[in-house]
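Novice: sequence plus predicted model, see below.
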Amino acid sequence: MINFKKGLIPTIVQDSKTDKVLMLGYMNQEAYKKSMDEKKVTFYSRSKKRLWTKGEISKNYLFIKDVLVDCDEDTLLIKAIPSGPICHKGTDTCWKEMNKKNFLFYLENIILDRIQKKKDNSYIYQLSKKGINRISQKLGEEAVELIIESKDNNKNLFLNESADLLFHYLILLKKKGFKIQDVINILEKRHSKY
């Protein structure tokens, strides 16, 4: 349990979906209680010298999903879902970082978008329309090209073929009704056995 007898407690807020650190604030016992009661992050503002609910003006709240206490019981980690940009300067985080998942998840959403919107000028849609056999064939071609490049020493070609293979694998996953997270879950499950 967190000990507030030492005064203000540093509180790190992390996006519960992307794991990106969003901001750092301070809580006293009252701010902590208000946060837990309302499930929205409230800090003690050292400049305003009062409780301050993140989003009370901007409406960009931080909705609490989980709260962790560090090993010394003097720092909080709050996992939350932001309802908008977090920094008062309009950026996603107070470190000017984009708050998004790994680019593979972003690319996966683009693939889904192209397929769902049936854009005729989209390579993804055109390939998807041809079906599993053609997508699998294309994936096989990319795998062979990667193998060939792996035998040479051209780093640029090797990495580009790696990207082509991964890209077409994502299309195949989507066509089969799966997500990259499904594969990650299996890898994590395997890893947890060791």
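Specialist: That came in fine, so what should we check first? Quick caveat, the model's predicted, so the values are computed rather than measured. Numbering: from 1, shown residues only.
Novice: now the strands for this protein?
Specialist: Assigned strands in the chain, in chain order: 9-15, 21-27, 42-45, 50-53, 62-69, 76-82 (criterion: DSSP state E).
Novice: tell me the angle the longest one makes with strand 9-15.
Specialist: Taking axes from the mean of the first three to the mean of the last three Cα atoms, to 10 degrees, one finds that strand 62-69 is oriented at 120 degrees with respect to strand 9-15.
Novice: swap in the last one?
Specialist: Taking the same axes, to 10 degrees, strand 76-82 and strand 9-15 form an angle of 40 degrees between their directions.
Novice: how about the contacts made by K54?
Specialist: Neighbouring residues of K54 by Cβ atoms under 8 Å, 6 or more residues apart in numbering: 13, 23, 25, 40-43, 60-62, 86. All C-beta atoms are positioned from the backbone trio N, CA, C, and that covers glycine.
Novice: ends of stretch 70-90, what's the gap?
Specialist: 29 Å (Cα to Cα, to the nearest Å).
Novice: contacting residues around that stretch?
Specialist: 1-3, 6, 9-17, 22-23, 27, 32, 35, 41, 54-55, 58-69, 91-94, 96, 99.
Novice: now stretch 23-34
Specialist: 2, 4, 7-13, 35, 41-46, 51, 53-54, 76, 86-87, 93-94.
Novice: just the buried residues of those residues.
Specialist: Neighbour counting with 16 or more other Cβ atoms under 10 Å marks 2, 4, 9, 11-13, 35, 41-44, 51, 53-54, 76, 86, 93-94 as buried within those.
Novice: about what we covered before: go through the strands of the chain and name the closest to A163.
Specialist: The minimum distance between A163 and those falls on strand 9-15, with 26.4 Å, by Cβ to Cβ.
Novice: the closest one pairs with which strands?
Specialist: strand 21-27 (antiparallel), strand 76-82 (parallel) (DSSP bridges).
Novice: okay, these in JSON lines with distance to L104 and mean pLDDT next?
Specialist: Listed next are these as JSON lines, based on distance: least, Cβ to Cβ, whole Å; pLDDT from 0 to 100:
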{"stretch": "strand 21-27", "distance to L104": "20", "mean pLDDT": "96"}
{"stretch": "strand 76-82", "distance to L104": "21", "mean pLDDT": "96"}
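Novice: out of the ones you listed, which gets nearest to H191?
Specialist: That would be strand 76-82 among these, by Cβ to Cβ, at 21.6 Å.
Novice: buried stuff in stretch 140-148?
Specialist: 142, 145-146.
Novice: now, which of these sits nearest I135?
Specialist: E142 (10.6 Å).
Novice: quick one: the helices in the protein?
Specialist: Assigned by DSSP state H, the chain shows helices spanning 29-38, 103-117, 123-129, 132-150, 155-175, 180-192.
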